[in-house]
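**Q** Could you look at this predicted model? Sequence included:
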Amino acid sequence: MLFTAHTPILVWEIEGKARFLLRHWADECAVYDNVTGDTHLLEPVGVEVLLALQQAPASADLLCKRVASRFETEPNAEFSSMLEAVLIDFERLALIRRTPQ
Amino acid sequence: MKVADLTATQLGGRLKGPGLHLRTGMLVAHIQTSIPSVAEGIGLLYADYPLADTEFADFHISLEPPRTLRRWIHPQVLFVFDGRAPFKPLPLDQAFPMFEWGLNWCVSSHSHQYLIIHAAVMEKDGFAVIMPAPPGSGKSTLCAALVNRGWRLLSDELALIRKDDGQAVPLPRPVSLKNASIEVIRGFEPTAFINRECRDTIKGTVAHMKPPRDSVARARETAKPGWVIFPRYQKDAATVLQARQKGGTLMAVADNAFNYSLLGAVGFHMLADMIDTCDCYDFAYSNLDQAIEVFAALQPPVP
């Protein structure tokens, strides 16, 4: 779990519509950020996170379930921990942000 | 009319006076200088280049000694572009290399109608191989070897990718050789013309190889990018061509582009489109003959 029961409920979101341009090759995806002008190279989990958040903001738990289902895997602690690292990384890169629900 | 149609006196006179409108591919440079070594270098290395039959020029440049007292003790040269000097002066005996470096700067800093990649580009059978690489990778040495073995030179420094159609646009200019690579190319192709060496520059000893006449004659003939290859010279290395992933290649080419960020989303689309249609490789080499064989065996990418 990304947050404890005492943590205020937060959702992750992408600021701005149609913000990213994506190009896929095999298991790589290049992402151009229209806001920052940066280009990033993402692995499949990262791409699914962005695609999910482009649809709608989501809590970490919901995101974990959605992304896990895309990979036909269980949203277990290991997966959750890996996803948390992706979210923190994306926040650092200003690709996503967390806001109160 | 070509540069070679002018006598040395006429060339020097034109450079000292009204200037020379030199066409290199799609671009025209208007050049003025009273420095004999620059006139000599242009006469020798640009002999096959056409003079533009227009007063229009993309770049107006001049090379002159700066007007300071220092010129009497340590003669220097100043590169002037559109009336301003973007660089500090260099010793006068580096005037011709400064002309070449300055002209590269003019293109890479201003020709934003193209995506500009720091890369050598050569063409064969309509397909261009784009070789981005940092200094020291053996890019220019390999480029010089390839253009002496049937590949057409588009550029040894600047890949110009056209926005409209993604074609590689030629900018054939003398191939810049540094340090050991000068003797390597002299040994590899004794008939290649390489001008006299200029020592103790910021890049070490430099010299320039005259481009093949055919490359200059076909300087307005674009080519479709077919391969992106990152060369890496390593002493005694085995010759190895290894496929690389496209996403990582896009990032690496972007790192080697001069104006990728400036072009924004357009640059991303252009680069991604180019990577889509190219086969991408890393290439380690130490033996030029073996390298030539590997490049000769490249197959056009499957659409």
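**A** Perfect, I can see it now. Residues are numbered from 1 along each chain as shown, chains lettered A, B, ... in the order given.

**Q** CA atoms for contacts and neighbours, from now on please.
**A** Noted.

**Q** Point me to the residue of the stretch 101-250 of chain B nearest chain A.
**A** Here the residue of the stretch 101-250 of chain B nearest chain A is B:G247; by C-alpha to the nearest C-alpha that distance is 5.6 Å.

**Q** what's the burial count for residue 45?
**A** All of this is about chain A. Burial of A:V45 is recorded as 17 neighbouring residues (other C-alpha atoms under 10 Å in any protein chain shown).

**Q** My question was about chain B, not that one.
**A** 21.

**Q** Please apply the same query to B:R149.
**A** 13.

**Q** Tell me who's in contact with the residue of the stretch 101-250 of chain B closest to chain A.
**A** Contact analysis of B:G247 by C-alpha atoms under 8 Å, 6 or more residues apart in numbering or on different chains lists A:H24, A:W25, A:E28, A:C29, A:A30, A:L41.

**Q** Likewise for B:A119?
**A** Taking C-alpha under 8 Å, 6+ apart as the test, what B:A119 contacts is B:I130, B:M131, B:P132, B:A133, B:K139, B:S155, B:D156, B:E157, B:L158, B:A159, B:N256.

**Q** From B:S34, how far off is the last one?
**A** So that's B:N256. Using C-alpha to C-alpha, to the nearest Å, B:N256 is found at 35 Å from B:S34.

**Q** just to revisit the earlier point, inside helices: which ones of the contacts of B:A119?
**A** Counting by DSSP state H, the contacts of B:A119 place B:K139 in helices.

**Q** Which strands and helices lie in contact with whichever strand or helix holds A:I88?
**A** Secondary-structure element containing A:I88, defined by DSSP states H and E: helix A:77-92. Identification of packing neighbours for helix A:77-92 by 3 or more C-alpha pairs under 8 Å, 6 or more residues apart in numbering or on different chains; DSSP states H and E yields helix A:60-70.

**Q** ok, B:C280 - how many residues close by?
**A** B:C280: 25 surrounding residues under other C-alpha under 10 Å.

**Q** whoops, I mixed them up, B:D53
**A** Counted with other C-alpha under 10 Å, B:D53 comes out at 10.

**Q** hang on, the earlier thing: need the residues that contact the helix or strand that comes right after the helix holding A:I88.
**A** The helix or strand immediately downstream of helix A:77-92 is strand A:97-100, counting by DSSP H and E. Defining contact as C-alpha under 8 Å, 6+ apart, one finds that strand A:97-100 is touched by A:P8, A:I9, A:L10, A:V11, A:W12, A:E13, A:I14, A:E15, A:E91.

**Q** Tell me where the model's unsure across the chain.
**A** All of this is about chain A. By pLDDT under 70, the weakly predicted segments of chain A are A:1-8.

**Q** ah, no, chain B please
**A** Those would be B:69-72, if you go by pLDDT under 70 across chain B.

**Q** Render the CA-only coordinates of the longest helix belonging to it in PDB, please.
**A** Taking DSSP H as the criterion, chain B has its longest helix at helix B:95-110. Coordinates of each C-alpha in helix B:95-110 appear next as PDB, following Å, rounded to 0.1, in the frame of the first residue of the first chain:
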ATOM      1  CA  ALA B  95      42.000  31.200 -39.900                       C
ATOM      2  CA  PHE B  96      40.900  28.500 -42.300                       C
ATOM      3  CA  PRO B  97      39.800  26.100 -39.500                       C
ATOM      4  CA  MET B  98      38.000  29.000 -37.900                       C
ATOM      5  CA  PHE B  99      36.200  29.600 -41.200                       C
ATOM      6  CA  GLU B 100      35.000  26.000 -41.300                       C
ATOM      7  CA  TRP B 101      34.000  26.000 -37.600                       C
ATOM      8  CA  GLY B 102      32.300  29.300 -38.000                       C
ATOM      9  CA  LEU B 103      30.300  28.200 -41.000                       C
ATOM     10  CA  ASN B 104      29.200  25.100 -39.200                       C
ATOM     11  CA  TRP B 105      28.000  27.400 -36.300                       C
ATOM     12  CA  CYS B 106      26.100  29.600 -38.800                       C
ATOM     13  CA  VAL B 107      24.200  26.600 -40.000                       C
ATOM     14  CA  SER B 108      23.600  24.800 -36.700                       C
ATOM     15  CA  SER B 109      22.500  28.100 -35.000                       C
ATOM     16  CA  HIS B 110      20.200  29.500 -37.700                       C
END
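
**Q** And it, what's buried?
**A** B:A95, B:F96, B:P97, B:M98, B:F99, B:E100, B:G102, B:L103, B:C106, B:V107, B:S108 (16 or more other C-alpha atoms under 10 Å in any protein chain shown).

**Q** next one: stretch B:9-20 to chain centre, how far?
**A** Stretch B:9-20 sits 24 Å away from the centroid of its parent chain (C-alpha atoms, centre = their mean, to the nearest Å).

**Q** what does that stretch contact?
**A** With contact meaning C-alpha under 8 Å, 6+ apart, stretch B:9-20 is reached by B:V3, B:A29, B:H30, B:I31, B:Q32, B:T33, B:S34, B:P36, B:A39, B:G43, B:L51.
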